[in-house]
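Engineer: just the structure for this:
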Amino acid sequence: MNEIILMPMAKQRINLGEFAEEAVIVEDIVRTSSHLHFIEANTQEVTINHLVNDCITPVFSKDNELTINHAQFIETIQDAAKDFFRGETVDDAAIRVSHVVKGRIPEAVHKPANQLLESDKTIYYERAAFSIDVPSIWQDVNGNRLNLSIVGVRAYNLQNLYSKKVPELFKLAIGFKNQVCCNMCIFTDGYKDDLRVSNTSELYKAALELFNNFNTAKQIHLMQQLGNTSMSEHQFCQILGKARLYQCLSTNAQKRLPRMLLTDTQINTVAKSYITDENFGGTGGELNMWKFYNLLTGANKSSYIDSFLDRSLNASELALGINAALHGDELYKWFID
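Structural biologist: Below is the predicted model:
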């Protein structure tokens, strides 16, 4: 079990309505061990100060208009979270970046690489993701503590910077983070995959709208229900086989089935974790759907930043769909037949 830090303070409860047991909004601040990350892949951790002070801001090449840089994105969502969840504990963003783009200032163009000073270099990161936890809003789901968490993604490779300035693309989600493993639980009403804005004011408003529309009680209810259904080891192996087969189907054949975005490598990770994961592995030849869901979200942590949130949502779709299929629903039946 990973080390956690408990800081006991006063408790209060909030009624989440018909969908779930009452969530406990406790100002017991529980944080996972620092070696756990919400995304891994080829990312590295950076600070907001590094993004502000050490990184240049890309522009739209045809009119030289500035983009909204990673630091502005993160600071805007941080401000929106603190304003919307006023009175709650809102952590600073944990930031992961990848695909560094290096350059030189004009005065250093002719210098040999081994003679470059730090002041001669420029950098920015093509992709950035961040997670902002609200640890005072949490719920125990199937024996795991889940903290409310906000995740944002910015990937310049998804934006055409060779044009004039247009509304810029961001991805933003609100959901829950499993404190056992830092796996993100993202559902449809908590995710905007095509958020396009022209300035930080629009970004701030869009974030508040997403937070306001997020159905906390419904998501908790859906996750709780996963713990009530189990599959046999044979059914688990059947799903793995169908997931591998899915990758080989023609595009038209895939369109006739529910989408499955996890890669072969990630499916292999799910299989390995079934044997080795001390928290979510199979026991006694059975695996409940909550554990299966966490095997999927754990495997997704190897995704690159630009596909991370799409696959997080897809992991939820697969877990809920297969859970329904085990109860006789037809939509995801192909995966267990």
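Engineer: count of neighbours near residue 149?
Structural biologist: 28 (other C-beta atoms under 10 Å). In this view, the C-beta of every residue, glycine as well, is placed from N, C-alpha and C.
Engineer: what sits against it?
Structural biologist: 38, 131, 132, 133, 134, 174, 175, 176, 177, 184 (C-beta atoms under 8 Å, 6 or more residues apart in numbering).
Engineer: what does residue 129 give?
Structural biologist: By C-beta under 8 Å, 6+ apart, the contact list for residue 129 reads 38, 39, 43, 95, 96, 97, 151, 152, 153, 154, 305, 308.
Engineer: and what about it, helix, strand or coil?
Structural biologist: Secondary structure state of residue 129, per DSSP: H, G, I helix; E, B strand; the rest coil, is strand.
Engineer: quick one: pLDDT of it?
Structural biologist: According to the prediction, residue 129 has pLDDT 97.
Engineer: what residues are bridge-paired with it?
Structural biologist: Note on residue 129: beta-bridge partners by DSSP bridges are residue 96, residue 153.
Engineer: now swap in residue 171 and tell me
Structural biologist: residue 153.
Engineer: ok, it touching residue 197?
Structural biologist: No. Counting by C-beta atoms under 8 Å, residue 197 is not a contact partner of residue 171; they are 12.0 Å apart.
Engineer: for the longest helix along the chain, packing partners?
Structural biologist: What stands out as the longest helix in the chain, according to DSSP state H, is helix 305-326. Contacts defined by 3 or more C-beta pairs under 8 Å, 6 or more residues apart in numbering; DSSP states H and E place helix 305-326 against strand 94-104, strand 121-141, strand 144-155, strand 168-178, strand 184-185, strand 191-197, helix 216-226, helix 289-300.
Engineer: ok, now with 7 Å
Structural biologist: Other elements packing on helix 305-326 under the criterion 3 or more C-beta pairs under 7 Å, 6 or more residues apart in numbering; DSSP states H and E are strand 121-141, strand 144-155, strand 191-197, helix 216-226, helix 289-300.
Engineer: the shortest one: what's the following helix or strand?
Structural biologist: As assigned by DSSP states H and E, the chain's next helix or strand after strand 191-197 is helix 200-213.
Engineer: now do that following helix against strand 144-155, angle only.
Structural biologist: Angle, helix 200-213 to strand 144-155, by axes from the mean of the first three to the mean of the last three C-alpha atoms, to 10 degrees: 150 degrees.
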